[in-house]
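**Student:** Sequence plus predicted model, see below.
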Amino acid sequence: MSETPKTADLIVFGGTGDLSMRKLLPALYHCDRDGLLAPGTRIIAMSRGGLDDADFRGKVDAEVRSSVPVDDAGDRGVWQRFLDRLHHVTIDISGEDPTGWQRLGALLAGHEERDRVFYLASPPMTFGPFCREANRAGLVTPASRVVLEKPLGRDLASARHINDEVGEIFHERQIFRIDHYLGKETVQNLLVLRFANAFLEPIWNSLWIDHVQITVAETVGTPGRRGYYDHAGALRDMVQNHLLQLLCLVAMEPPARNDRESIRDEKVKVLESLRPITGSEVDRFTVRGQYTAGESGGVQVPGYLDEPDGTPPTEASHRVETFAAIRAEVKNWRWAGVPFYLRTGKRMPYRCSEIVIQFKDVPHSIFPGSAPNRLVLRLQPSEGIRLHIMAKEPGAGEVALKPVPLSLSFAETFSGRVPDAYERLLMDVLAGNPTLFMRRDEVEAAWRWIDPILREWESQSMLPEPYPAGTSGPAGAHELVDRSGRAWHEEDPA
């Protein structure tokens with residue numbers, strides 16, 4: 001965690017929405033419980049809800065308290081202290097009704113010296129208008145920062161437009177583009193594993209690594225969210241940000257320093273080294289799918305087109321992908337010839353986010369039955385690191401080999417609760433540390449690589465390949481790795 005920041009005002013636009021109630025407020029409570037919020041720090045929710053402070057505190061007490069530990073008198077005291085930090089302002093972002101901005105201004109008045117963080121837990125089309133109205137109301141100070149939730153646009157052009165709009169009001173050093181995957185403990189440990197242990201660096205290259213797999217699999221579907229997902233899809237929703245960020249951390253060169261810009265500089269170099277996938281190569285190196293009815297968790301579930309939603313399926317519903325797989329290449333000296341397989345999907349057999357580093361086999365094996373080593377970094381559901389090595393099974397007679405894991409489970413190894421990713425990132429925002437947040441050039445480099453794939457998919461008449469819910473994706477995804485004699489790593493985290 002970062003050092004305890006100064007007293008601040010954290011203004012959350014969309015403060016009564018799902019992200020705020022399910023992630024941000026629980027994370028802030030845990031930070032408060034751990035003594036990481038400075039005295040006097042306030043959390044101000046902004047929404048169209050028409051709530052006053054008491055109404056909002058009652059809503060949080062009813063909806064958030066059950067998801068956080070409030071077990072003893074000490075916790076109950078912290079919970080009350082946390083509730084006392086909460087305020088609510090009803091606001092019209094269009095600017096047609098300025099009374100909400102005036103109420104927010106009155107609440108902030110007299111505290112201009114405080115760090116002021118605007119957290120936009122809202123759709124990306126609101127980012128520019130919010131920043132303009134906040135500035136017009138005189139609320140943006142030199143000590144202000146703004147946090148932008150993903151997705152940042154739908155393509156390179158829209159991402160640039162949003163960046164331009166926000167950049168008119170805030171300097172780049174004040175803009176924090178958040179990807180919560182970068183706050184996960186395993187992701188942080190990936191950097192430590194690579195750059196604080198000398199034995200890995202000599203083999204972290206194409207001479208010793210056969211390929212890399214990055215998987216983000218979800219068991220959930222999209223009930224009630226098809227209207228959003230029709231215009232997002234797996235490539236925009238997961239690959240452009242989460243998976244490419246993980247790829248960057250695996251493939252980046254050692255930074256000169258662990259400082260605010262060196263790590264981000266190296267990540268941009270990786271994105272700029274990705275081999276473009278264009279034209280007919282899109283069909284060869286990418287796969288898209290959409291789940292149909294099937295069995296998930298022992299329960300029959302509907303297909304994407306039949307998920308309960310307020311509106312019937314549209315043409316976009318038939319064309320959107322709920323699964324995406326890509327064979328990527330990083331064209332530099334370290335990684336030449338090493339494929340990076342990226343995969344994400346909904347209604348998969350189990351929930352799992354992991355990075356698999358598959359090493360090459362030994363140059364000459366003297367033991368039958370040997371298998372290559374594998375390093376598995378599990379981000380969820382149970383964070384940890386497993387190095388699979390070959391060992392001899394006990395017993396007399398012929399030598400029999402068995403792959404066994406050397407495991408590091410964070411929950412078992414380190415005492416105490418493993419903090420949620422948002423806790424780390426929120427504290428970094430309050431401390432003004434942008435290391436784990438995306439810079440403008442990084443976001444736009446990712447979109448430059450994704451855009452040709454999106455354009456080719458959208459120009460094709462072919463629909464996404466169907467796969468039954470509860471399975472590991474369409475057949476084409478398995479063919480993608482089968483063609484080179486490889487296979488997806490399939491290991492139920494349970």
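**Tutor:** Noted; the coordinates are in hand.
**Student:** all contacts plus neighbour counts: C-alpha atoms, from now on.
**Tutor:** Fine.
**Student:** starting at the chain centroid, how far to the longest helix belonging to the chain?
**Tutor:** Determined from DSSP state H, the single longest helix within the chain is helix 440-459. The chain centre lies 18 Å from the centre of helix 440-459; the measure is CA atoms, centre = their mean, to the nearest Å.
**Student:** How about that helix, which residues are buried there?
**Tutor:** By 16 or more other CA atoms under 10 Å, the buried positions in helix 440-459 come out as 440, 442-454, 456-457.
**Student:** Quick one: name whatever helix or strand follows that helix.
**Tutor:** Scanning forward in sequence from helix 440-459 by DSSP states H and E, the next helix or strand is strand 465-468.
**Student:** packing partners for the longest helix of the chain?
**Tutor:** With contacts defined as 3 or more CA pairs under 8 Å, 6 or more residues apart in numbering; DSSP states H and E, the packing partners of helix 440-459 are helix 156-167, helix 262-273.
**Student:** Apply 10 Å and report the result again.
**Tutor:** Judged by 3 or more CA pairs under 10 Å, 6 or more residues apart in numbering; DSSP states H and E, helix 440-459 is in contact with helix 156-167, strand 175-177, helix 244-251, helix 262-273, helix 281-285, strand 286-292, helix 315-319.
**Student:** out of those, which comes closest to residue 299?
**Tutor:** strand 286-292 (13.8 Å; CA to CA).
**Student:** Within the sheet, what are the partner strands of that closest one, with directions?
**Tutor:** strand 323-329 (antiparallel), strand 465-468 (parallel) (DSSP bridges).
**Student:** Tabulate those (CSV), appending distance to residue 422 and mean neighbour count.
**Tutor:** Below are the strands paired with strand 286-292 laid out as CSV (distance: least, CA to CA, whole Å; neighbours: other CA atoms under 10 Å):
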stretch, distance to residue 422, mean neighbour count
strand 323-329, 26, 24
strand 465-468, 33, 21
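**Student:** so which of these gets nearest residue 425?
**Tutor:** When these are compared by CA to CA, strand 323-329 sits nearest residue 425, at 27.4 Å.
**Student:** so how far is whichever helix or strand comes after the closest one from its chain's centroid?
**Tutor:** Next helix or strand after strand 323-329 toward the C-terminus (DSSP H and E): strand 339-345. With CA atoms, centre = their mean as the basis, strand 339-345 stands 15 Å off its chain's centre.
**Student:** Show me what whichever helix or strand comes after strand 339-345 is packed against.
**Tutor:** Moving toward the C-terminus from strand 339-345, the next helix or strand (DSSP H and E) is strand 352-359. Here strand 352-359 touches helix 185-195, strand 209-217, helix 244-251, strand 339-345, strand 374-380, strand 384-392, going by 3+ CA pairs under 10 Å, 6+ apart.
**Student:** can you pull out the strands in the stretch 1-150 of the chain?
**Tutor:** 8-13, 42-47, 86-90, 115-120, 144-148 (DSSP state E, counting those that start in this stretch).
**Student:** could those go into CSV alongside distance to residue 167, mean neighbour count and mean pLDDT?
**Tutor:** Formatted as CSV, the strands of the stretch 1-150 of the chain follow (distance: least, CA to CA, whole Å; neighbours: other CA atoms under 10 Å; pLDDT from 0 to 100):
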stretch, distance to residue 167, mean neighbour count, mean pLDDT
strand 8-13, 18, 24, 94
strand 42-47, 22, 23, 93
strand 86-90, 25, 22, 93
strand 115-120, 14, 24, 94
strand 144-148, 10, 23, 95
